[in-house]
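*Asks:* can't give you the sequence, but here's the structure:
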Ligand SMILES: Nc1ncnc2c1ncn2[C@@H]1O[C@H](COP(=O)(O)OP(=O)(O)O)[C@@H](O)[C@H]1O
Ligand SMILES: N[C@@H](CC(=O)OP(=O)(O)O)C(=O)O
């Protein structure tokens, strides 16, 4: 049993979907679960729909959603002949669900609406791909992952109910595989016990695929990307990044934790727990070996550079000169939980604490007003956080030294700098 995950870039156009079918036709797998993300940048586009709706701009929301509808209809029309009408019926059901909501007034919190709107991206993409594969004779069954992945109602960053999900995995997925059919399903989304859609955090499809691999005891998980390998930096950021052929789970979990946007940070644990190898392969050339991530120690690694833009620095200072560590640490970590906000960097002083966050405006505003009861709060937006693992003099000079640094942390293995 294998799990394949195809990200947005691999299904961003009719040609790319057809390329995915070519890969599947030639892969020779017997039992396969295929986890797919929303097409191209659909999730970003759906985020704009949710934002407009919540801001009371109903017409803009509907108009933006209309564009997304037309893009999917166009791709389905291009790909499908005999299965087109059946596919169109399904797509229209998904469209209608969202449109009904967009005609209402928002009465619940933003994150709830975000998930109801944004989750449709994966439903649309998998619907089209599944019909297309069947039309090409690649027999598969489309599964609504919301009938399998039970989560809590922490919208936008929902947590999996492992016991329930494992049971549903056995009831809903195993029989399909035993029936000699491949499964086509969605990454990134789940549902609460009240059947409300949830999402697992941006780029969460890798995590979904790892959960499938874990619960089905897969022999491997292959994530198909537009890059030939995992590299020592994002090649879009650093054009002379070098490929890495083999990495340990440990190394990748560290890279992802520091913000490398190549594998979702939560992906590794479900795989490591069952010693399931992760292969990152290139959908543009399936013959290339790609990168293997497994339990073997990574040797001779180059400096690994992770650059995170759009960071907000938050300085908290106690007003009465009490030590932060003594009295406030517990409270601050409670706020992190309450506001589902994780710092990308923390630095303790005697009576102050410096934090950095991704720029989640609403959450930071809520966190700041809670913190303002105890601290003077100062925010500095528009910063970049650069981390280098296995740094050397050359990489330090190239990526850190010439910056205007606000916070710097250094250990034997890592250097991190928050800078302008
Ligand atoms: N260390 C890295 N190695 C390779 N690619 C990286 C790395 N860090 C970031 N990336 C980026 O990840 C992209 C592929 O991931 P992503 O866009 O999430 O694909 P998908 O949407 O198909 O899942 C690449 O195009 C590359 O720019
Ligand atoms: N579509 C979601 C989930 C995801 O993982 O996408 P991708 O595999 O394209 O990174 C997102 O864009 O966040």
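*Replies:* The structure has been received and is ready for your questions. Note that this is a predicted model, so its numbers are computed, not measured. Numbers count the residues shown, from 1 in each chain. Ligands and ions are numbered 1, 2, ... in the order given.
*Asks:* Run through the residues that contact residue 157.
*Replies:* Residue 157 sits next to 199-201, 340 when contact means Cβ atoms under 8 Å, 6 or more residues apart in numbering. C-beta here means a position set from N, CA and C on the backbone, and glycine is covered the same way.
*Asks:* Neighbours of the residue in the stretch 51-200 of the chain that ligand 1 sits nearest to, how many?
*Replies:* When scored by Cβ to the nearest ligand atom, the stretch 51-200 of the chain has residue 187 as its residue closest to ligand 1, at 8.8 Å. Residue 187: 31 surrounding residues under other Cβ atoms under 10 Å.
*Asks:* which parts of the protein sit against ligand 1?
*Replies:* The chain comes close to ligand 1 at residues 7-10, 37, 203, 225-227, 230-231, 233-236, 260-262, as judged by Cβ under 6 Å from any ligand atom.
*Asks:* And the residues you listed, which of them are buried?
*Replies:* The neighbour-count criterion (16 or more other Cβ atoms under 10 Å) marks 7-10, 37, 203, 225, 227, 230-231, 233-235, 260-262 among those as buried.
*Asks:* near ligand 2, from the residues you listed?
*Replies:* 7-8, 37, 203.
*Asks:* which among those residues gets closest to ligand 1?
*Replies:* Nearest to ligand 1 among these: residue 7, at 2.0 Å, using Cβ to the nearest ligand atom.
*Asks:* With adjacent residues omitted, what lies nearest to that closest one?
*Replies:* Nearest residue to residue 7, sequence neighbours excluded (Cβ to Cβ, 6 or more residues apart in numbering): residue 37, at 4.9 Å.
*Asks:* Enumerate residues external to the longest helix belonging to the chain that contact any of its residues.
*Replies:* Looking across the chain with DSSP state H, the single longest helix is helix 58-79. By Cβ under 8 Å, 6+ apart, the surrounding residues in contact with helix 58-79 are 13-14, 17-18, 39, 42, 45-46, 48-50, 52-53, 84, 87-88, 91, 95, 98-99, 102-103, 121, 124-125, 128, 131-132, 135.
*Asks:* Write a ChimeraX command that selects only the buried members of these.
*Replies:* Burial among the contacts of helix 58-79 is assessed by 16+ other Cβ under 10 Å; the matching ChimeraX selection reads:
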select :13,14,17,39,42,45,46,48,49,50,52,53,84,87,88,91,95,98,102,121,124,125,128,131,132,135
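*Asks:* Filter the contacts of helix 58-79 down to the ones in helices?
*Replies:* Among the contacts of helix 58-79, the residues falling in helices (DSSP H) are 14, 17-18, 42, 45-46, 48-50, 52-53, 84, 87-88, 91, 95, 98-99, 102-103, 121, 124-125, 128, 131-132, 135.
*Asks:* what's near enough to touch the residue in the stretch 251-400 of the chain that ligand 1 sits nearest to?
*Replies:* Nearest to ligand 1 in the stretch 251-400 of the chain, going by Cβ to the nearest ligand atom, is residue 262, at a distance of 3.6 Å. Residues near residue 262 by Cβ under 8 Å, 6+ apart: 225, 227, 230-231, 234, 255-256, 280.
*Asks:* overlap between the ones in helices among the contacts of helix 58-79 and the residues near ligand 2?
*Replies:* When contact is defined as Cβ under 6 Å from any ligand atom, the ones in helices among the contacts of helix 58-79 meet ligand 2 at residue 121.
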